[in-house]
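J.: using only what follows, build the 3D model:
(one chain, ligands or ions: 2)
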Amino acid sequence: MENKRKRLGVNEYFMKMAILSSYRGTCLRNKVGCVLVYEKRVKAIGYNSSHSGTEHCEEVGCCMEGSHCIRTLHAEEAAVLNLEKKHGVGMEAYITHEPCLHCHRILASVGVETIFYLNSYGDFSKQEKEVKSLLDCRMIRMHNIEIIG
Ligand SMILES: [Zn+2]
Ligand SMILES: [Zn+2]
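T.: Ligands and ions are numbered 1, 2, ... in the order given. Below is the predicted model of the structure:
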């Protein structure tokens, strides 16, 4: 029988991987997934969770500092740590959430040029200026995309 299922687009394919990865997240505040792609191939994947060997937010609660939980390693950090080698500029990041300033820096430093994200936190006003100047100097392109289904 003919399979009429529509082929996934590239952005959808990688973003769905990021969403799947986010299901492994352990922070109570947010579950975030990140996929690093180079030349249309997945190079690393990560989700937010506690540092190796420490308790998870799910077990002992979040450790809040202001509006951020500082117990977890961010999904972007985890993905970068999983990266076996640097690929130079031209990497793409697919993230379920808009990255924080810290993760912007980390992604930029491993050569990420384009960031696709699904959800915006909308509370980065203080950081906005700094993020903008970082984006301007590293020319990271940001795309807020939508996934249907
Ligand atoms: Zn947490
Ligand atoms: Zn972050």
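
J.: so Met142 makes contact with Ile115?
T.: Yes - in this structure, Met142 is within contact of Ile115 by Cβ atoms under 8 Å, at 5.3 Å. C-betas here are computed from N, CA, C, even on glycine.

J.: more crowded one of the two?
T.: Each of Met142 and Ile115 has its neighbours counted (other Cβ atoms under 10 Å); Ile115 has more, 24 against 14.

J.: what is that one paired to in the beta sheet?
T.: Under DSSP bridges, the beta-bridge partners of Ile115 are Ala93, Met142.

J.: oh, and call the first residue 41 from now on, that's how I've got it
T.: I'll keep to 41 as the first residue from here, and by that count the last item is Ile155.

J.: residue contacts, it?
T.: Neighbour list for Ile155: 132-133, 135, 139, 147, 180-183 [criterion: Cβ atoms under 8 Å, 6 or more residues apart in numbering].

J.: could I get the residues you listed as JSON lines with pLDDT?
T.: Below are these laid out as JSON lines (pLDDT from 0 to 100):
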{"residue": "Glu132", "pLDDT": "95"}
{"residue": "Ala133", "pLDDT": "95"}
{"residue": "Ile135", "pLDDT": "95"}
{"residue": "Pro139", "pLDDT": "87"}
{"residue": "Leu147", "pLDDT": "92"}
{"residue": "Ile180", "pLDDT": "68"}
{"residue": "Arg181", "pLDDT": "76"}
{"residue": "Met182", "pLDDT": "77"}
{"residue": "His183", "pLDDT": "80"}
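
J.: ligand 2: which of those is nearest?
T.: For the contacts of Ile155, the minimum distance to ligand 2 (Cβ to the ion) is 5.3 Å, reached by Pro139.

J.: gap between the residue lying closest to the closest one once chain neighbours are set aside and Met131?
T.: Nearest residue to Pro139 in three dimensions, chain neighbours excluded: Glu116, at 5.4 Å (Cβ to Cβ, 6 or more residues apart in numbering). Glu116 is 12 Å from Met131, where distance means Cβ to Cβ, to the nearest Å.

J.: more neighbours: which of those two?
T.: Glu116 (29 against 22).

J.: contacting residues around the more buried one?
T.: Contacts of Glu116 (Cβ under 8 Å, 6+ apart): 74, 86, 133, 135, 139, 143, 146-147.
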